[in-house]
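Chemist: Got a sequence here, can you model it:
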Amino acid sequence: MRYLLLAILLIGLVQAASITAPLVAVDPISNQGILGNVTLEEIDSIDPVLLSENIILDSTTLASVRNAVLYARNLTSSDTSFRLTFSFPTRSVSGGSAGATIALAATCLMQNQTYPDLVLTGDIDASGNILQTGGITQKAVAAANSGYKLVVVPTNQSKYYVYERYGSMMLARHLDDALLEVFGTEVREAGTIAELAAKDLK
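Modeler: As a prediction, the model looks like this:
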């Protein structure tokens, strides 16, 4: 009887395998960064990706999500399928910048790793390259404001300028320098999901 209960418990744990990762976007109305999350749950399905119906995704987001999962499956030599549930202050999400996060989260889940304590933004292509995205400044500030100490952005996007007013003057400095000074948040760049998955990002 004891072994039967243990087997049932283990089966339940396997079926419930999931991971949650933070997502950051730009509110189209306020033009401010907003933070949400996505939960990936391993499921038994022919389709590699099933989406919850709690949020509306545009065609660009859908393509990025599919690229992300297919790439992660290829990277880990797995045929795992996932149900994705988005949680955001808005009812709709557009653009492809969730792709890199979903690819990293799927990779971590299939390798039985925890998701690192960071916010990642960037689209992804079929080869796992992290592609540049818009709203970097707003997204990075939102992540830093929420207490994250590491923000990862696509290659060549950490040097965006932020502007500060001093009296009658507007001074410009790089985003990574500004966030480190004001929030103690580090901004790093990454070019591929494989590169990120191989690093110790704790």
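Chemist: Output stretch 123-134 as PDB, nothing but the C-alphas.
Modeler: Output of stretch 123-134 as PDB, limited to C-alpha atoms (Å, rounded to 0.1, in the frame of the first residue of the first chain):
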ATOM      1  CA  ASP A 123      12.300  37.800 -30.000                       C
ATOM      2  CA  ILE A 124      13.700  34.500 -31.200                       C
ATOM      3  CA  ASP A 125      14.300  32.800 -34.600                       C
ATOM      4  CA  ALA A 126      14.300  29.100 -35.500                       C
ATOM      5  CA  SER A 127      18.000  28.900 -34.700                       C
ATOM      6  CA  GLY A 128      17.700  30.200 -31.200                       C
ATOM      7  CA  ASN A 129      19.200  33.600 -31.900                       C
ATOM      8  CA  ILE A 130      17.800  36.400 -29.700                       C
ATOM      9  CA  LEU A 131      16.500  39.200 -31.900                       C
ATOM     10  CA  GLN A 132      16.300  42.800 -31.100                       C
ATOM     11  CA  THR A 133      13.100  44.300 -29.800                       C
ATOM     12  CA  GLY A 134      11.500  47.600 -29.000                       C
END
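Chemist: What is the burial count for residue 18?
Modeler: Residue 18 has 15 neighbours, counted by other CB atoms under 10 Å. Every C-beta, even on glycine, is put in place using the N, C-alpha and C of the backbone.
Chemist: Report whether the expected contact of it with residue 39 is present.
Modeler: Yes: counting by CB atoms under 8 Å, residue 18 does reach residue 39; the two are 5.8 Å apart.
Chemist: who's residue 87 bridged to?
Modeler: Residue 87 has these beta-bridge partners by DSSP bridges: residue 37.
Chemist: List the residues that contact it.
Modeler: Going by CB atoms under 8 Å, 6 or more residues apart in numbering, residue 87 touches 36-39, 54-55.
Chemist: From those, pick the one nearest residue 29.
Modeler: residue 36 (15.4 Å; CB to CB).
Chemist: Could you find the closest non-adjacent residue to that closest one?
Modeler: Distances taken as CB to CB, 6 or more residues apart in numbering place residue 88 nearest to residue 36, at 3.5 Å, with adjacent residues excluded.
Chemist: Just the pLDDT for that neighbour.
Modeler: Looking at residue 88, its pLDDT stands at 88.
Chemist: State the mean pLDDT of stretch 116-126.
Modeler: Stretch 116-126 shows a mean pLDDT of 95.
Chemist: ok, residues contacting it?
Modeler: 21-22, 24, 35, 64, 67-68, 70-71, 95-97, 99-104, 108, 130-133, 136, 139-140, 143, 148-154, 190, 193, 196, 201-202.
Chemist: Pull the contacting residues for residue 190.
Modeler: 100, 120, 122, 130, 152-155, 196.
Chemist: so which one among these has the lowest pLDDT?
Modeler: Here the lowest pLDDT out of these sits on residue 196, with 88.
Chemist: From what I see, it and residue 108 are in contact.
Modeler: No: using CB under 8 Å, residue 196 makes no contact with residue 108, being 9.8 Å away.
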